[in-house]
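> Need coordinates for the below:
(chains A and B)
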Amino acid sequence: ETGVTQTPRHLVMGMTNKKSLKCEQHLGHNAMYWYKQSAKKPLELMFVYSLEERVENNSVPSRFSPECPNSSHLFLHLHTLQPEDSALYLCASSQASGANVLTFGAGSRLTVL
Amino acid sequence: DQQVKQNSPSLSVQEGRISILNCDYTNSMFDYFLWYKKYPAEGPTFLISISSIKDKNEDGRFTVFLNKSAKHLSLHIVPSQPGDSAVYFCAASPLSGTDKLIFGTGTRLQVFP
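Next up is the predicted model:
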């Protein structure tokens, strides 16, 4: 596999569920990102990891919990979400944090009922 | 308050003609600007960029123009092709290398035969 792979592509969950989104990059990049894209809104940066350390947490509610076990994998753990959290969640990677060119995955479409 | 604005949500252009997508920004600290293209069910892909020391950057059919005094940039596609039909996102960041790319809301381009 090449590029940035996200699973699952679609997820429907209730407000009391716990689920996780997974991202894997095969590019040898050192930085990974979670972005949120809501309808008619700009992409919003949620988290940045550089060399497995979190370097940015963009005021994201604690019901979203990221995990970066190594430089190739990134998770977003979801717990007690709200319907307004329904969105497309995009993972991205770059050669280094601070690099401007990102490689995105196809996204995980989340629906919270 | 949106720092990067794409005021046209959609644009329709005939094949062979020029497509012009516009983007305005408010933060004078932005030094680096990018355009990403997104097809349905895929992640955004990097298209072209420009730094503030230039006013034009060209890559094949794609040219980005930057007018710093007006805080405005535009993407020209000529000649437009049906395969160019996608959503185009403008993004900006300070050159200092922060991890924060600020995206616009996107413009959907449709190129018809």
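
> Name the residue closest to the centre of chain A, please.
Residue closest to the mean C-alpha point of chain A, counted by CA atoms, centre = their mean, is A:W34 at 3.1 Å.

> Could you give the bridge partners of it?
Here A:W34 sits in beta bridges with A:F47, A:C91, as judged by DSSP bridges.

> The nearest residue to A:L51 once chain neighbours are set aside and A:A87, how far apart?
Distances taken as CB to CB, 6 or more residues apart in numbering or on different chains put A:N30 closest to A:L51, at 5.4 Å, once the chain neighbours are dropped. (C-beta placed from N, C-alpha, C; glycine too.) Separation of A:N30 from A:A87 (CB to CB, to the nearest Å) stands at 26 Å.

> ok, B:K100 - contacts?
B:K100 sits next to A:L45, A:E56, A:N58, B:S93 when contact means CB atoms under 8 Å, 6 or more residues apart in numbering or on different chains.

> how about the residues you listed, which pair is most distant?
The largest separation in these, counting by CB to CB, is between A:N58 and B:S93 at 13.9 Å.

> Those two: which has the busier surroundings?
The residue with more neighbours, out of A:N58 and B:S93, is B:S93; 23 against 14, by other CB atoms under 10 Å in any protein chain shown.

> Just confirm that one contacts B:L101, I think it does.
Yes - in terms of CB atoms under 8 Å, B:S93 counts as a neighbour of B:L101; the distance is 4.9 Å.

> Quick check: neighbours shared by the two?
In contact with both B:S93 and B:L101: A:N100, using CB under 8 Å, 6+ apart.

> Show me what stretch B:67-76 is in contact with.
For stretch B:67-76, contacts defined as CB under 8 Å, 6+ apart pick out B:18-26, B:28, B:33, B:35, B:47-48, B:50, B:52, B:55, B:62-66, B:88, B:90.

> so A:V55 makes contact with A:P66?
No - assessed by CB under 8 Å, A:V55 is found out of contact with A:P66, at 11.4 Å.

> what about those two, which has more around it?
Neighbours per residue (other CB under 10 Å) separate A:V55 from A:P66, with A:P66 holding more: 20 against 14.

> Any residue of the helix or strand bottoming out on mean pLDDT in chain B touching chain A?
One helix or strand of chain B scores below all others by mean pLDDT, DSSP states H and E: strand B:102-103, with a mean of 92. Yes - applying CB under 8 Å from any CB of the partner chain, one finds strand B:102-103 in contact with chain A at B:I102, B:F103.

> pLDDT weak spots in the chain?
Picking chain A for this. A:1-2, A:98-99 (pLDDT under 70).

> um, chain B though
Filtered on pLDDT under 70, chain B yields the residue ranges B:95-99.

> For the residue lying farthest from the centre of chain B, give me its contacts.
In chain B, the residue that sits farthest from the middle, by CA atoms, centre = their mean, is B:P113; the gap is 22.7 Å. B:P113 makes contacts with B:Q14, B:E15, B:P82, as judged by CB under 8 Å, 6+ apart.
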